[in-house]
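Chemist: Need a 3D model of the following:
(3 chains)
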Amino acid sequence: MNTEIVFLFLQQGIASGLVTGSVYALLALALVIVFRTTDVANFAEGEFYMAAAYLAFFLIALVGLPIWAAAPAMVVGIAVAAGLFQRVVLRRVAAARGVSVNLVIATLGLSYVLKGFVRATGFGDTPRSFPSVVPDGSVTLGQASLSYLDLAILGAALAVMAAFFAVFNLTRTGRAMRAVGMNRRAAQLVGINLGRTERLVWIFAGGISAVAAILIAPKLLMTAEMGGVVTLAFAAAIVGGFASLPGAVVGGFIIGIAENLVGLFVSTRAINVAPFVIIMLVLIFKPQGLFGGRLRVRKV
Amino acid sequence: MTKHSLCRIALAVAALAGLAGPARADEPGLTPTTIRIGMFGPLSGASMAYGFDVMNAARMYYDKINKEGGIHGRKIEVVQEDDRCNANDVVAAVKKLVEQDGVFLLNGGSCSAPVVAAKDYVVRSGVPWVMLNASGDGALYPPQPNIYGAFSISQRAMGGSVVEFASKELKAKKIAYINHDDAYGAWNLEGARFQAKDNGVTLVPEAVSPSITDVTAPVLKMRASGADALVIATYARPAQLILKKAQELGFNKPIVIAVNAIANLKQLAENVGSKDAFRNVYIEEVLAAKPGSEKLAWIYDLYKANYPDLAGKPDHPQVYMPYGIPSAMTVVRALQAAGPNPTRAKVIEALDRTDFDSGVMAGPIVLTKTEHAAQKASTYFKFDGEGLTAVPGSFASRWTYQGQ
Amino acid sequence: MSVRVLAAVAVLLIGLSLALPALATGYVVYIGNLLLVFVVLSLGLHIVIGEAGQFSLAHAAFYGIGIYTAALSSKVLGLPFLAALLAGGLLAALCGLAIGILSLRMRDIYLALSTFAFGEAMQWVFLNWTPVTGGPNGLAIPPAQVLGQPILSDKAAFPIVAGVTLVVVALVAGLHASGLGRAFRAVRESEVAAAAVGIDVRRTKLLAFTLSAFLAGAAGGLFTTFSTFIHPDSLGFQTTILVLTMIVVGGVGSVTGALGGAIVFGLVSELLRQVPSYQEMIYGGILILVMMYAPRGVFTLVGRR
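Modeler: Next up is the predicted model:
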């Protein structure tokens, strides 16, 4: 392999990896905020995102809404549904036992229900997309080429992340979410409503998943199985340190770029194992991930 | 849940409790008026698109035969099982059909890798097994006495043919080839490699996972390899991602989308988005004619008549639906040839002499004692994003099983 | 698990070994074999999650290591069944020990996800190490050899599978009642407190990982008695999740729960094949409802000590 090709591979691999990485990062963010505040690894995250894409598709293709109306309607719909799931199901599971593995199994149950439901509509098998809001065409940066859609995804993902950091760090609600994540009992003592805060976190996570769906569905295509991509978001989150928001974002970019570089320089067969090798390497040297802080001793 | 499905569960409970005994007869599954066929395939889950309507197609063909008087006076009775395209469930379904329902023969299997799990059991039990649309090369080479498959196309033949097309029609000296890292991919690569060597052209293969999200690496590598043509031998979703990426990265050589990859051409064009991506795209097809053409109309009409509810659902009939017909035709012909007093042995003998034109698949359905993969031909179309134009000529695979 | 329940399980398994092959069809016996393999898998996962409170999501990988090792040692070395099963169990245990050592520094979600990553990586190895595992072509499993005789049917395999399962159930029940079992649970409740009463926390955790992986490997060995084919597709996260679901729905921490959960969930999964179009929704619905209304598991009321 000559140097010219190495440079080309590096440039394109990193540029495309950043775009895919921003997708992983968005989904990882939704995982991390839920985990941080409620201690639940949300196994239904992929299906939230899948259901969101299908809801948008139904609103556009069957109801006939224009995309500028369908998109916000869908984001609100999914956010409310996520909040309801927390209110109706998770609150009860947590009250009954509160062990996180029970909560995880409940989210797993939801993921099966959603997949089964989308399949039952008959639209789940053929890969489809919905009209992209971005025109065709591409720009060249150095030797790398990115489509307008790629740029839009990257830009929008960064904007959503920035907005989210602002909410999380600067608003009262955001600070309440962080406080609950650090110490539930203390948070309650200073007057934070636990149930309301947890519900808000789920609503936020649902909203982010829905935004991710609008951005990504035209790029990755929709099927009932599209939620599988969340495995990579888990990888991103864990590499970054599961409780860290900046970590999730950095983790997403690392995974996205690593997939491409492994595919280009090692073997395309190794693309899908690369994230797991990275997880193991990172955790062996930094057991709390790259941004996870120090080890906390906690009673299970 | 319907009352019907509750009944099915109750029956299954009874069966598991061992209450329903096996059908006892000299030739299982045979009465003076009926002949029982066991059908299995994915009726649920992620792989449903590969088998659900294929099974419906085979069933409606049997219905048609029954309405025309059956086979030597016997009506075909179908017992159907869901195999989820999962090895353990395939084996459970097959064992249930053979031992519990006592079927005369098996007509089932849509997923190429999991069906191989049933191979040894079927050989030991001696029941004739005619696969539906599974390529199932793993159970066909080396040939087993009672297993027949590849009614859509054998994956080896698919790989060989597409390389023949790329080297002869597109005059490519160096062919880039993206396949999957699964059984399906391993088999078609074997055929492709053989043909490339035989034609004296270079093959540059790259295998990717069916769940790949970013196809930049394979496409960029293929572009950098300086290949004269790109073959995409993947499932529908990755194929569409690759097509899109190839256009984005300025790959301007001809692209051949190998068979079974493409679900729905209109959707394909829509998903890829840009019309420019289709400047130089060919599609390999195993059906005898364009989907939706005059020649295949009777199948779609029959589907509408038999399943009016399903036909009204989106995306139905599913694209692979017609693939169920040649398999069922083969079963019917073998049963007819086995005479009024069929035995499994007679049916196997008849199956080994199968040679007919189904009118559904690109090539004839041929089975012999030493070759149990039924269909090997494919045709090629140029696809410009809207319409298909047939490419004349025949592009046959030359791979044959050499024994090991 | 109380002695009464254990005795009942023993009587049931011995009775079934005698009766089932004579009375039921090969299909029913096949389902029985498969359920017992899942019982052994569940008991293995129970040791690490239920007893020691450590998360391990690599169970399918250890199971796969057991299957490939048992199949290959029978095929290549001609080992008889029991030796092949032990070989599979031991190799899996060795990998479990290695993962345990790596995981000593991690906890909670980090531990869960690093074992998850190991599981996914192993599945990739099964799929790509073609010269050994057959890769995407899968591997034909030769008939297990018992007393020089090949096992060629589900009915012939059932008494062996049931016998091994019974031994495993008894061992795990004994373990639960033993000092080691108490050490496991002490580590689960509080590592600090466990260390304070003189328990070697590291050693205890490593033992849990090793034993758990050994049982998963042994379950793989059992699978080779009645199966003729293995493909990497069957050895992914789905299988791990299925086993995890079994022990959680049965009741985390309870031997009876792990055993009952495996049987009931295995049966539910098989019966749901009869309602294809609804099965995912029903399955998911069951999970949600059990977690809402029976959070301690369906089986914890039976045989609690």
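
Chemist: any low-confidence regions in chain C?
Modeler: For chain C, residues meeting the criterion pLDDT under 70 lie at C:300-305.

Chemist: what's the single longest helix in it?
Modeler: Identified as the longest helix of chain C according to DSSP state H is helix C:201-226.

Chemist: Quick one: distance of the following helix or strand past it to the chain centre.
Modeler: Once helix C:201-226 ends, the next helix or strand along the chain (criterion: DSSP states H and E) is strand C:229-230. Mean-position distance between strand C:229-230 and its chain equals 18 Å (C-alpha atoms, centre = their mean, to the nearest Å).

Chemist: and strand C:229-230, what other elements does it pack with?
Modeler: Identification of packing neighbours for strand C:229-230 by 3 or more C-beta pairs under 8 Å, 6 or more residues apart in numbering or on different chains; DSSP states H and E yields helix C:59-75, strand C:139-140. Placement of C-beta: from N, CA and C, glycine included.

Chemist: same thing but 10 Å
Modeler: Strand C:229-230 is packed against helix B:87-95, helix B:119-125, helix C:59-75, strand C:139-140, helix C:201-226, with contacts defined by 3 or more C-beta pairs under 10 Å, 6 or more residues apart in numbering or on different chains; DSSP states H and E.

Chemist: Dump these into a markdown table; add mean neighbour count and distance to chain A as well.
Modeler: A markdown table is the format used below for these (neighbours: other C-beta atoms under 10 Å in any protein chain shown; distance: least, C-beta to the nearest C-beta, whole Å):
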| stretch | mean neighbour count | distance to chain A |
| --- | --- | --- |
| helix B:87-95 | 25 | 16 |
| helix B:119-125 | 19 | 26 |
| helix C:59-75 | 28 | 11 |
| strand C:139-140 | 18 | 19 |
| helix C:201-226 | 26 | 11 |
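
Chemist: quick one: which of these is nearest A:Thr20?
Modeler: helix C:59-75 (26.6 Å; C-beta to C-beta).

Chemist: Distance from the closest one to the middle of the chain?
Modeler: Using C-alpha atoms, centre = their mean, the offset of helix C:59-75 from its chain centre is 13 Å.

Chemist: That one and chain B, any residue contact?
Modeler: No: using C-beta under 10 Å from any C-beta of the partner chain, helix C:59-75 stays clear of chain B, coming no nearer than 11.5 Å.

Chemist: ok, now stretch C:284-292?
Modeler: No: contact between stretch C:284-292 and chain B is absent, the nearest approach being 10.7 Å (criterion: C-beta under 10 Å from any C-beta).

Chemist: Remind me what the longest helix of chain C packs against, helices and strands.
Modeler: helix C:26-45, helix C:59-75, helix C:81-103, helix C:154-177, helix C:179-189, helix C:191-196, strand C:229-230, helix C:237-250.

Chemist: Make TSV from the ones you listed and add distance to B:Ala297 to it.
Modeler: Shown next, in TSV, are the helices and strands packed on helix C:201-226 (distance: least, C-beta to C-beta, whole Å):
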stretch	distance to B:Ala297
helix C:26-45	41
helix C:59-75	47
helix C:81-103	55
helix C:154-177	46
helix C:179-189	66
helix C:191-196	71
strand C:229-230	40
helix C:237-250	41
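
Chemist: To B:Asp315, which of the ones you listed lies closest?
Modeler: helix C:237-250 (25.3 Å).

Chemist: Name the residues of that closest one that come out as buried.
Modeler: C:237, C:239-250 (16 or more other C-beta atoms under 10 Å in any protein chain shown).

Chemist: who in the stretch 151-300 of chain A is up against chain C?
Modeler: So far as C-beta under 10 Å from any C-beta goes, the stretch 151-300 of chain A lies against chain C at A:224, A:231, A:234-235, A:237-239, A:241-243, A:267, A:269-270, A:272-289, A:292, A:295-300.

Chemist: Among those residues, name the buried ones.
Modeler: A:224, A:231, A:234-235, A:237-239, A:241-243, A:267, A:269-270, A:272-280, A:282-283, A:287-289, A:292.

Chemist: about what we covered before: the longest helix of chain C to helix C:237-250, inter-axis angle?
Modeler: 110 degrees (axes from the mean of the first three to the mean of the last three C-alpha atoms, to 10 degrees).

Chemist: ok, back up a step: which ones among the buried ones among the residues of the stretch 151-300 of chain A next to chain C also lie next to chain B?
Modeler: Applying C-beta under 10 Å from any C-beta to these, those adjacent to chain B are A:224, A:231, A:267, A:269-270, A:272-273.

Chemist: Show me which residues of the stretch 301-404 of chain B are close to chain A?
Modeler: So far as C-beta under 10 Å from any C-beta goes, the stretch 301-404 of chain B lies against chain A at B:310, B:312-316, B:318-319.

Chemist: Which of the helices or strands spans the nearest residue to B:Lys119 once chain neighbours are set aside?
Modeler: Nearest non-adjacent residue to B:Lys119, counting by C-beta to C-beta, 6 or more residues apart in numbering or on different chains: B:Ala139, 4.3 Å away. Assessed by DSSP H and E, B:Ala139 sits inside helix B:137-140.

Chemist: list the buried ones in that helix?
Modeler: Buried, per 16+ other C-beta under 10 Å, within helix B:137-140: B:137-140.

Chemist: Check stretch B:134-150 too.
Modeler: So for stretch B:134-150, counting by 16+ other C-beta under 10 Å, buried means B:134-141, B:143-144, B:146-150.

Chemist: same question, stretch B:181-198
Modeler: B:181-196.

Chemist: residues contacting the residue nearest to B:Ala207 when sequence neighbours are not counted?
Modeler: Closest residue to B:Ala207 apart from its sequence neighbours, by C-beta to C-beta, 6+ apart: B:Asp181 at 4.3 Å. Residues near B:Asp181 by C-beta atoms under 10 Å, 6 or more residues apart in numbering or on different chains: A:267-272, B:189, B:206-210, B:212, C:124, C:127-128, C:135-136, C:232.

Chemist: Of those, which belong to helices?
Modeler: Short answer: those in helices (DSSP H) are B:189, C:124, C:127-128.

Chemist: near chain A, which residues of the stretch 51-200 of chain B?
Modeler: Going by C-beta under 10 Å from any C-beta, the residues of the stretch 51-200 of chain B near chain A are B:52, B:178, B:181.

Chemist: Quickly note the distance from the last one to A:Asn272.
Modeler: Distance from B:Asp181 to A:Asn272, counting by C-beta to C-beta, to the nearest Å: 8 Å.

Chemist: can you tell me how far the residue in chain C sticking out farthest from the centre sits from chain A?
Modeler: Distance from the C-alpha centroid of chain C peaks at C:Ala196, with 32.2 Å (C-alpha atoms, centre = their mean). Counting by C-beta to the nearest C-beta, to the nearest Å, the gap from C:Ala196 to chain A is 13 Å.

Chemist: contacting residues around that residue?
Modeler: Here C:Ala196 is in contact with C:186, C:190 (C-beta under 10 Å, 6+ apart).

Chemist: ok, it to C:Leu206 distance?
Modeler: 20 Å.

Chemist: Burial check on whichever residue of the stretch 101-250 of chain A sits closest to chain B, number of neighbours?
Modeler: Closest residue of the stretch 101-250 of chain A to chain B, C-beta to the nearest C-beta: A:Asp125 (3.7 Å). Here the number of neighbours of A:Asp125 (other C-beta atoms under 10 Å in any protein chain shown) works out to 25.

Chemist: So it sits against B:Val319, correct?
Modeler: Yes: at 9.3 Å, A:Asp125 counts as touching B:Val319 under the criterion of C-beta atoms under 10 Å.

Chemist: list residues touching both of the two?
Modeler: With C-beta under 10 Å, 6+ apart as the test, A:Asp125 and B:Val319 both reach B:49-50, B:236, B:263-264.

Chemist: Quick check: C:Pro276 vs C:Tyr110, distance?
Modeler: As defined by C-beta to C-beta, C:Pro276 lies at a distance of 38 Å from C:Tyr110.

Chemist: okay, those two: which has more neighbours?
Modeler: C:Tyr110 (25 against 21).
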